[in-house]
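J.: turn this into a structure:
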Amino acid sequence: MTTQGPDAPFALARFRDGEGTVLGLVAGDRIRALGPDDLGAADLNSFLATGEWGRLARLVDVDGPWRPLADVTLTAPVEPRQVLQAGANYRTHVIQLAIAGMTRRDSGLSEEEARARAERAMDARAASGRAYVFIGMPACVVGDDEPLVLPAGSEQHDWELELAAVIGSRAFRVTPEEAPAHIAGYTIVNDITTRDLAFPADIGGLGADWFRSKNSPGFLPTGPFLVPAGFVDPSDLRVRLDLNDRAMQDATTAELVHDVAHIVSTASHTLPLLPGDLILTGSPAGNGQHWGRFLQDGDVLTGSITHLGTQVVRCVADTGDPAA
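T.: The predicted structure follows:
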């Protein structure tokens, strides 16, 4: 249960209320429900399109129906219509993978030669200005109030903690310089991946199968907070994931090959980005594939990013019961 808000003057969250979900304003260890009159908009995505955060800032010091944050159950703070994901976007992580791949193929390269080749390739990628972006499924976005069900049939379910940008006003064919004006805020996403489904042998080496490997139910635990972009400098945030209290990923967004603005710009040149959409920025080194240790029943994933709070995801085995 979340008891403390993010390290920001205020943020948005969504919480369970009976059979429904309510949008709330979080300030410290308090939360209050927000309605259309508070937002000046019909719903969350309509509000994000306006960017009128000042309306909410004025509510922080107003007496009203505040409740202790510890008394509510938070769920995913966003309702995206589209999810776009940047891959291979942390320099150290990709260089490590490239070195392992080159040396594993018995290429005759020493580790030093492989590293130099990998670093040149990463420099060329960064200079291109174009991020590698693929599609996720909005139906996979859940809060950390839901357990992560590990699908039966594989023992290679993996974690990838990521900074995610949330789109504000519609963005279509924007430049990297224009992109920040279209980012409403930031949140935490864990991009869960089933590794042995990612590059299936039965399709003749045609490429990656991101649909099957990344889109099982609940494979995008998100939140618990949406922090306004004005409170976050995305260029140097600490991204840390602990598995059962052991640090597995610990890096900063200073290692991003393509920064958030370039990722948003790249994605926007293919399709319009809509208010509330999630743009994932990639994951640093230290996933389960690196450690040779994948997710198991009973595991607890604790992910945190500077200013954005902490996400706690509990893993459970697939019982085979669709209603479970």
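J.: show me what contacts Phe294?
T.: Contacts for Phe294 were tallied using C-beta atoms under 8 Å, 6 or more residues apart in numbering; they are 155-158, 195, 288. C-betas here are computed from N, CA, C, even on glycine.
J.: pLDDT on stretch 249-268, on average?
T.: Averaging pLDDT along stretch 249-268 yields 96.
J.: kindly report the same for stretch 191-199.
T.: Mean predicted lDDT for stretch 191-199 stands at 94.
J.: got the buried residues for it?
T.: Using 16 or more other C-beta atoms under 10 Å as the test for burial, stretch 191-199 gives 191-195, 197-198.
J.: and for stretch 240-250?
T.: 240-243, 248-249.
J.: and for stretch 201-209?
T.: Using 16+ other C-beta under 10 Å as the test for burial, stretch 201-209 gives Asp209.
J.: just the endpoints, please. Distance across that stretch?
T.: Terminal residues of stretch 201-209 are spaced 10 Å apart (C-alpha to C-alpha, to the nearest Å).
J.: who touches it?
T.: 197-200.
J.: closest to Val83 among those residues?
T.: Compare each of the contacts of stretch 201-209 with Val83 using C-beta to C-beta and the shortest gap goes to Ala198, at 17.2 Å.
J.: how about the closest one, nearest residue that isn't a chain neighbour?
T.: Ser213 (4.1 Å; C-beta to C-beta, 6 or more residues apart in numbering).
J.: and the one you found, what does it touch?
T.: Ser213 touches 193-195, 197-198, counting by C-beta under 8 Å, 6+ apart.
J.: pick out the most distant pair among those residues.
T.: Thr193 and Leu197 (8.4 Å).
J.: of all the buried residues of stretch 191-199, which two lie farthest apart?
T.: Of all pairs drawn from these, the greatest distance, 14.0 Å, lies between Asp191 and Leu197 (C-beta to C-beta).
J.: what segments of the chain are helices?
T.: 36-39, 44-50, 54-57, 91-104, 111-128, 210-214, 260-268, 288-291 (DSSP state H).
J.: hey, which of those helices is tucked in deepest?
T.: Highest mean neighbour count among these (mean count of other C-beta atoms under 10 Å): helix 260-268, with a mean of 24.
J.: contact partners of that helix?
T.: Contacts with helix 260-268, where a contact means C-beta under 8 Å, 6+ apart, come from 84, 86, 89, 129-131, 133, 163, 165, 167, 171-180, 182-183, 234, 253, 258, 273, 279, 281.
J.: next one: Leu192 from Gly276, what distance?
T.: I think there's a mix-up here, since residue 192 is Ile and not Leu. Per C-beta to C-beta, to the nearest Å, Ile192 is found 21 Å from Gly276.
J.: can you count the residues close to Leu59?
T.: The local packing of Leu59 (other C-beta atoms under 10 Å) involves 15 other residues.
J.: pretty sure it sits against Arg30.
T.: No - using C-beta atoms under 8 Å, Leu59 is not in contact with Arg30, being 11.0 Å away.
J.: any idea how far Arg130 lies from Ser268?
T.: For Arg130 relative to Ser268 (C-beta to C-beta), the value is 12 Å.
J.: low-confidence ranges in the stretch 51-200 of the chain?
T.: Counting by pLDDT under 70, the low-confidence segments of the stretch 51-200 of the chain come to 100-107.
J.: in it, which spans are strands?
T.: Counting by DSSP state E, counting those that start in this stretch, the segments of the stretch 51-200 of the chain that form strands are 67-68, 74-75, 83-86, 133-136, 141-142, 148-150, 157-158, 161-167, 183-190, 193-194.
J.: hmm, back to that, okay, the buried residues of stretch 191-199 in JSON lines with distance to Leu44 next?
T.: Shown next, in JSON lines, are the buried residues of stretch 191-199 (distance: C-beta to C-beta, whole Å):
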{"residue": "Asp191", "distance to Leu44": "22"}
{"residue": "Ile192", "distance to Leu44": "24"}
{"residue": "Thr193", "distance to Leu44": "28"}
{"residue": "Thr194", "distance to Leu44": "30"}
{"residue": "Arg195", "distance to Leu44": "34"}
{"residue": "Leu197", "distance to Leu44": "33"}
{"residue": "Ala198", "distance to Leu44": "32"}
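J.: which one of those residues sits closest to Ala121?
T.: Ala198 (20.4 Å).
J.: which residue is nearest the middle of this structure?
T.: Val189 (2.5 Å; C-alpha atoms, centre = their mean).
J.: and that residue, what is it in contact with?
T.: Residues counted as contacts of Val189 (C-beta under 8 Å, 6+ apart) are 141, 161-164, 220-222, 278, 280.
J.: tell me the bridge partners for it.
T.: Beta bridges link Val189 to Glu162, Thr222, judged by DSSP bridges.
J.: swap in the one 4 residues further on?
T.: Beta-bridge partners recorded for Thr193 (DSSP bridges): Asp158.
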